[in-house]
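A.B. asks: with the input below, show me the fold.
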Amino acid sequence: MVIETSERVIEYKGKAVASEHDPLVLILQEQLAIQKAEQEQLKEEVKNLTESQH
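C.D. replies: Below is the predicted model:
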């Protein structure tokens, strides 16, 4: 296992993966959280629409 934090790369079991502190990882995590929140809001809206039709 090789850890090179200065280059923001961690080699784990022979595979290089991005460090949690990598700006790209942080951006993707933020975008994923936004998408999850939007999806939950859409689910709630669909639920409300289907309930109002009955």
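
A.B. asks: tell me how far residue 43 lies from residue 34.
C.D. replies: Remark: distance between residue 43 and residue 34 (Cβ to Cβ, to the nearest Å) = 15 Å. Any C-beta I mention is one placed from the backbone N, CA and C, and that applies to glycine too.

A.B. asks: other SSEs contacting the host helix or strand of residue 47?
C.D. replies: Assigned by DSSP states H and E, residue 47 belongs to helix 23-53. Packing contacts for helix 23-53, counted by 3 or more Cβ pairs under 8 Å, 6 or more residues apart in numbering; DSSP states H and E, involve no helix or strand.

A.B. asks: show me the shaky parts of the chain.
C.D. replies: Across the chain, the ranges flagged by pLDDT under 70 are 1-21.

A.B. asks: ok, now with 90
C.D. replies: Low-confidence segments of the chain (pLDDT under 90): 1-26, 53-54.

A.B. asks: burial measure for residue 25, as a count.
C.D. replies: Neighbours of residue 25 under the rule other Cβ atoms under 10 Å: 14.
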